[in-house]
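Chemist: generate coordinates for the sequence data below:
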Amino acid sequence: MCSLSDVNESVISKMKEDGNLLCIYTEYKKYHRLLSDAEWEGRIDDISFIQHQLDHYKKLIDDGQTYEPKF
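Modeler: Numbering: from 1, shown residues only. Below is the predicted model:
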């Protein structure tokens, strides 16, 4: 079991390289762009899902988080 005291820069770097962590800022920008595209193209069905994802990442950013685990 891994505790917070075991997490350091090298552990975070290894998890990023393994693809186990998502950068919240990158995901936020991605969904912001997708929302803009969906609105422009009139894809009404996609907008609610994209907005939900965007709200999720915005909340994480507001809480001060930088990475989110994929597991």
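Chemist: now do the same for residue 68: helix, strand or coil?
Modeler: strand (DSSP: H, G, I helix; E, B strand; the rest coil).
Chemist: ok, now which ones touch residue 60?
Modeler: By Cβ atoms under 8 Å, 6 or more residues apart in numbering, the contact list for residue 60 reads 24, 68. For every residue, glycine as well, the C-beta is placed using N, CA and C.
Chemist: kindly report the same for residue 38.
Modeler: Residue 38 touches 46-47, 50, counting by Cβ under 8 Å, 6+ apart.
Chemist: dump those residues into TSV; add distance to residue 9 as well.
Modeler: Below are the contacts of residue 38 laid out as TSV (distance: Cβ to Cβ, whole Å):
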residue	distance to residue 9
46	37
47	38
50	32
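Chemist: which of the residues you listed fall in helices?
Modeler: Among these, the subset assigned to helices under DSSP state H consists of 46-47, 50.
Chemist: filter the contacts of residue 38 to the buried ones?
Modeler: Those of the contacts of residue 38 that meet the buried threshold are residue 50, by 16 or more other Cβ atoms under 10 Å.
Chemist: show me the shaky parts of this protein.
Modeler: Scanning the chain with the threshold set as pLDDT under 70 gives 1-8, 10-17.
Chemist: show me where it has its helices.
Modeler: Using DSSP H, helices in the chain cover 9-18, 24-41, 44-62.
Chemist: next, format these as TSV and append distance to residue 70.
Modeler: Output for those, formatted as TSV (distance: least, Cβ to Cβ, whole Å):
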stretch	distance to residue 70
helix 9-18	9
helix 24-41	11
helix 44-62	14
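Chemist: of all those, which lies closest to residue 69?
Modeler: helix 9-18 (7.6 Å; Cβ to Cβ).
Chemist: please report the distance of the closest residue to residue 39 other than its chain neighbours from residue 36.
Modeler: Leaving aside its sequence neighbours, residue 39 sits nearest to residue 47 (Cβ to Cβ, 6 or more residues apart in numbering; 6.5 Å). Using Cβ to Cβ, to the nearest Å, one obtains 10 Å as the distance from residue 47 to residue 36.
Chemist: how about residue 58?
Modeler: 15 Å.
Chemist: pull the contacting residues for the residue nearest the centre of the chain.
Modeler: Central residue of the chain (Cα atoms, centre = their mean): residue 24, 3.4 Å from the mean position. With contact taken as Cβ under 8 Å, 6+ apart, residue 24 is in contact with 57, 60-61, 65-68.
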